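Undergrad: 3D model of this:
(chains A and B)
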Amino acid sequence: MRVYFLKRLIEIVPTVLMITLVVFVMMRSIPGDPVVALLGDAYTQEDAIKVRQEYGLDKPILWQYFIWLGKLAQGDWGASILTGRPVLQDVLIRLPVTLELIVLSMAVALAIAIPAAIIGAVRRNTWADYTATTVAMVGVSIPEFFIGVLLLLAFSIGMSGLLPSSGWVYLPGTCPSVVCAAGLFGNAQHVLMPAFALGVGRAALLTRLLRASMLEVIRTEYVTTARAKGLAERPIVFKHALKNALIPTVTVMGLQVGFLIGGAIVIETLFAMPGLGTFGIDAIIARDYQQVQGFALITAIAFVVINLVVDLTYTFLDPRIRYTG
Amino acid sequence: MRSTRLATFIMFVIVIASIAAPLLADAQTPKRGGTLRVSYGNEIANLDFHTAPGYEMMWVAMNVGCSLTNITPDGKFVGDAAESWTTSSDGLLYTFKLRKNVLFHDGTPVDAAAVKFNIDRMKDPATKSGMRPFYEPVHSVEVLDPQTVQVRLKHPYVFFLHMLSAYRTGLILLSPQSIQKFNVEDRKQGKPGSIVGCGPFKFVEWVKGSHLLMERFDKYFEPGLPYLDKVIVRVIKDPITEMAAFKNGEIDFIASFSPEHVDTMKAQNPKAQIMTGKETTPMMAAMKVTIPKDNKPMSPDRAPHPIFGDLRVRKAIGCYGIDRQEIVKIAFKGQATPWVGMAPPGTLESVNVNHLCPYDQAKAKALLTEAGYGPSKPLTFELMANTEKSVFNVIATVVKDQLARLGFVHANIKVVDKVSWMNTTLGDGPWDMYIEDLLSLITIDSNGYLASAYVSDKSSAWSHPRHTDIKVDEYFSRYAKELDTTKRKALAKEFLEYMATNMYWNTISGSPFYMVAQPWMKGYTYNAEFEVHYDKVWLDK
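TA: Numbers count the residues shown, from 1 in each chain, chains lettered A, B, ... in the order given. Take a look at the predicted model:
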């Protein structure tokens, strides 16, 4: 197990490097130049050339990449071309917001998916099953931003502004600046709608997947044996069927993290949240190469680490699974 | 009996009046304290006030910094750090008497030396300020005594005070000590201590993506001002979220509100103060007039653009082929003025030259036929719009449709993001026509560096059409030097007609600008994008 874990950790390095290289090359291949935005009103061709030299943008792309990599090895993530702010500092400020959003949206997804899938599987072909399946289908079909807008209309514009429409209240102790709001209740108020908007689509997908897995497991011989032994339905469903049916769902959950990061860009923009999603999209629009690299790096790390955790989770769900070097 | 009733009634009125009068008076007395929560639709680019682009930065700069003078909505100049000023009869000497009690936020005085430092800094090419072309008339700045500074001009410049007050940020005075202590990178990111102005609010912090915070400067030179304790600026890009936040009372002021949502805002918030005014921003369908002859971007060696280098085509498409009325009706729900002149209707001394470009399909067809286009040789060009404002795309679609009615003109719409648009246009890249609203023009002169001839020493990369007609520069120069108002107005008319006749600058309409405030936000004076000051704002909560 330990050898496997170490092997996977080592594998993370080339994976992340490959992702950052692809992003690095792609960003510089698309039209647009951060120097234009930087110089703004004062743009002249001469100054643009000087600034490109200053930031090393005149060098071959691969050479630029190795310079970036060299600095990264020393813990320097670079600084934003447009604002001059250290990228690592900005990433660390925004990471907790997005992590919280992703974790909670996944929690929302599971909170909806598990009961719906169980009901759908256990009471197959009943109105409850049809309802769960239909809701899941609708959930998959509606884009996150639309759910977000509906939630805004319902809970912010309607219902006397029950929930705040935008902004962020940090969890106590995580405030990154001199002045910012922090508090558990305020945080819950602010994260509820974004997490729900982001989680519903995932919930729908997981419901369909888990329901199919549950149906498969419920038909297996050991479940029939358990029933024949007179075991109550509840432990059969929760202890024997659900646990085994969760394995493919957990795999998909890991892969869904990538979609959640993508969805976070939309949801954070809609709810004006100071997270990594808005950081990433602003950086891409402004062609702020250093920030885009920071964004790609942190999301790549998050993606591979979460998938590693998912793989390790299998051993807890099914003790028969053993990893060897 | 009757007299008793009357006496009782009078007594009742007196009592009510005596109770209500102080309450009414109190309602109008500014209250100190509170935090003004402002929403911006775009992120602040950076905080180096003398170089950063974008209105979002400017609206911070105007409150952290002070200037020599400001301008009121009716065009009067009022002193800011300057108590008074005089202008010599030949228009060459401007002498500013400074207030004695003006301090920068670091405690250093705003004296004549500080003013000289700042103007010299704007003139210095190393500062890379986009405002530098407007300081070209400045010959020298002299410190007469600590409270008196004199600016000597090379030639008369009628709009010198306009420029100091409201071209971009106006002249923002920054503490020389802080400028020398910190570098441009520090200022860009808002490093503590690096942004030291003399305005009503001190800059506290900027957490990009989250907020920008300003706090009251207790030693501000205007006694009792500002009323607010703090101003916090948040960025809410989505207009629906912005409206929800406003309705929910999460924000007090929207600094720039999208025109297409004004009706919804009014319906949802009947008590909201929706502010608008003169149309000072031109919505353009710009056409590229020349391209680099040697294929080197920004080359002064120019050749006519293959399509719009021909004046007949420019006039056919930009002048007669576009129905401005229809565009305004569709894109702005009629809430803008169809306009042909380079300077929009709200710009000082602007003249209506719409008669020069009536919508006339027959004329457009005739000109295009003369230029060699027709059903057998259709005219196809690229119409670029960027994603910054949805209205650009709407206008591009209407223009495409209108030109298609000519029968043989195909405008292919290309939608790009703002940075790509800037790259293409600023970098002299290949483009034919674009829809944009560029910037607000307080005077015709303030369009100097956008509309001047590309080959002249006054033009900038923002002179996108890149025409090479030096006569335009002569017009700008003569206009800005003309001290006689009547003669200047006549010159303005001639100039605007010249620009329209030659289609160097193709305006479609004015571009309306809206600000929205909660009913409890008091004391704000609307002056479009030019002056956004929170010093007299107070919250009646």
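Undergrad: who's in contact with stretch A:98-112?
TA: Counting contacts by Cβ atoms under 8 Å, 6 or more residues apart in numbering or on different chains, the residues outside stretch A:98-112 that touch it are A:171, A:187, A:191, A:194-200, A:202-203, A:206-207, A:253, A:256-257, A:260-261, A:263-264, A:267-268, A:273, A:275-277, A:302. Quick note: C-beta positions are derived from backbone N, CA and C, even for glycine.
Undergrad: Now narrow those residues to whatever sits close to chain B.
TA: Intersecting these with the contacts of chain B gives A:Gly275 (criterion: Cβ under 8 Å from any Cβ of the partner chain).
Undergrad: Return the subset of the contacts of stretch A:98-112 lying in helices.
TA: Counting by DSSP state H, the members of the contacts of stretch A:98-112 that fall within helices are A:187, A:191, A:194-200, A:202-203, A:206-207, A:253, A:256-257, A:260-261, A:263-264, A:267-268, A:276-277, A:302.
Undergrad: State the pLDDT value of B:Asp294.
TA: The model reports B:Asp294 with a pLDDT of 92.
Undergrad: That one: what secondary structure?
TA: When the structure is reduced to helix, strand and coil (DSSP: H, G, I helix; E, B strand; the rest coil), B:Asp294 reads as coil.
Undergrad: Hmm, B:Pro300 and it touching each other?
TA: No. Here B:Asp294 lies out of contact with B:Pro300, judged by Cβ atoms under 8 Å, at a distance of 9.8 Å.
Undergrad: Which one's more surrounded, those two?
TA: With other Cβ atoms under 10 Å in any protein chain shown as the criterion, B:Asp294 and B:Pro300 differ in neighbour count, and B:Pro300 comes out ahead with 13 against 10.
Undergrad: show me the contacts for the more buried one.
TA: Remark: with contacts taken as Cβ under 8 Å, 6+ apart, B:Pro300 is in contact with B:454-455.
Undergrad: what about it, is that helix, strand or coil?
TA: Local secondary structure at B:Pro300 is given as coil here, using three-state DSSP.
Undergrad: and the stretch 101-250 of chain B, which of its residues are near chain A?
TA: Contact residues of the stretch 101-250 of chain B with respect to chain A, defined by Cβ under 8 Å from any Cβ, are listed as B:128-132, B:168, B:184-186, B:188-189, B:204-205, B:207-211, B:213, B:232, B:234-238, B:240-245, B:247-250.
Undergrad: same thing but at 7 Å, please
TA: Remark: the part of the stretch 101-250 of chain B in contact with chain A comprises B:128-130, B:185, B:188-189, B:204-205, B:207-210, B:213, B:234-238, B:240-241, B:244-245, B:247-250, using Cβ under 7 Å from any Cβ of the partner chain.
Undergrad: Now that we have the residues you listed, which of them are buried?
TA: By the neighbour-count criterion of 16 or more other Cβ atoms under 10 Å in any protein chain shown, these include these buried positions: B:128-130, B:185, B:188-189, B:204-205, B:207-210, B:213, B:234-238, B:240-241, B:244-245, B:247-248, B:250.
Undergrad: Out of those residues, which sit inside strands?
TA: Applying DSSP state E to these, the entries found in strands are B:204-205, B:207, B:213, B:234-235.
Undergrad: doesn't A:Val35 make contact with B:Met422?
TA: No. Counting by Cβ atoms under 7 Å, A:Val35 is not a contact partner of B:Met422; they are 10.2 Å apart.
Undergrad: what sits against A:Val169?
TA: Listed by Cβ atoms under 7 Å, 6 or more residues apart in numbering or on different chains, the contact partners of A:Val169 are A:181-183, A:186-187, A:190.
Undergrad: Throw the residues you listed into CSV and include pLDDT and distance to A:Gly75, thanks.
TA: Converted to CSV, the contacts of A:Val169 look like this (pLDDT from 0 to 100; distance: Cβ to Cβ, whole Å):
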residue, pLDDT, distance to A:Gly75
A:Ala181, 77, 31
A:Ala182, 77, 28
A:Gly183, 86, 33
A:Gly186, 91, 34
A:Asn187, 93, 30
A:His190, 94, 32
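Undergrad: Now for those residues, which sits with the most neighbours around it?
TA: Counting by other Cβ under 10 Å, A:His190 has the largest number of neighbours within the contacts of A:Val169, with 25 neighbours.
Undergrad: In chain B, what residue lies closest to chain A?
TA: The nearest approach of chain B to chain A comes at B:Gly130, 2.2 Å away (Cβ to the nearest Cβ).
Undergrad: ok, the lowest-mean-pLDDT helix or strand in chain A near chain B or not?
TA: In chain A, no helix or strand scores lower on mean pLDDT, DSSP states H and E than helix A:34-39, which sits at a mean of 79. Yes. Helix A:34-39 lies within reach of chain B by Cβ under 7 Å from any Cβ, at A:36-37, A:39.
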